[in-house]
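> fold the following for me, if possible:
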Amino acid sequence: MGEVDIGFVIHGDEAGGLGPAARFALDASPGDRLGFRGQGIAIIEVPTAGDRQEFRVSLGMEARWVTRDESHAGTDRPGQLALDALKATVPLDGVVHARLIGESGLATGARRHLVQEWSVPRRNVDFVGLWRHGRPATI
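Below is the predicted model of the structure:
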């Protein structure tokens, strides 16, 4: 079985209440299972087909895997295939909310695409570039 690392920042509201992700993070133990909920598409890029994980998804949710070792795109840049998959996706009906997390070029490129091409309001797109390809990590 492969591994997926997920980072959480624990924070609450002004009254000291915690959201569902914070509660999950505080109660989680190694080996706990995680799934996708809601309606929409989760595009997940991994280095190899062997890195795919089995996720439970709710009705109306689709998990789309893209793997760099199976790609004919000729890129080893993390996030590029996920961004390409998003750009090839037909815009969703209704109100779109997006969470974009990964390499900086993926997060900013995906946000730009959703805002400019799909007309998603900026306030509906959360994005975090965790690192920049080709640059050393700084702490």
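> kindly export the worst-scoring helix or strand of the chain on mean pLDDT (C-alpha atoms) in PDB.
When each helix and strand of the chain is scored by mean pLDDT, DSSP states H and E, helix 20-27 comes last, with a mean of 72. Output of helix 20-27 as PDB, limited to C-alpha atoms (Å, rounded to 0.1, in the frame of the first residue of the first chain):
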ATOM      1  CA  PRO A  20     -14.600  19.200  10.700                       C
ATOM      2  CA  ALA A  21     -11.100  19.000   9.200                       C
ATOM      3  CA  ALA A  22      -9.500  20.300  12.400                       C
ATOM      4  CA  ARG A  23     -11.500  17.700  14.500                       C
ATOM      5  CA  PHE A  24     -10.400  15.000  12.100                       C
ATOM      6  CA  ALA A  25      -6.800  16.000  12.300                       C
ATOM      7  CA  LEU A  26      -6.800  16.100  16.100                       C
ATOM      8  CA  ASP A  27      -8.400  12.600  16.300                       C
END
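> next SSE after it?
strand 40-46 (DSSP states H and E).
> rewinding a little: for the least confident helix or strand of the chain, the distance to its chain's centre please.
Centroid separation for helix 20-27 versus its chain: 18 Å, with CA atoms, centre = their mean, to the nearest Å.
> what residues sit buried inside that helix?
Buried residues in helix 20-27, counting neighbours by 16 or more other CB atoms under 10 Å, are absent. Just so you know, the C-beta spots here come from the backbone N, C-alpha and C atoms, and that holds for glycine as well.
> ok, stretch 57-75 next?
For stretch 57-75, using 16+ other CB under 10 Å, the buried residues are 57, 61, 63, 65-68.
> strands of this structure, start to end?
Assigned by DSSP state E, the strands in the chain fall at 40-46, 61-67, 98-103, 125-131.
> format these as CSV; extra columns: distance to residue 115 and mean pLDDT.
Shown next, in CSV, are the strands of the chain (distance: least, CB to CB, whole Å; pLDDT from 0 to 100):
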stretch, distance to residue 115, mean pLDDT
strand 40-46, 17, 85
strand 61-67, 21, 86
strand 98-103, 10, 84
strand 125-131, 7, 81
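> kind regards, and thank you for your time.
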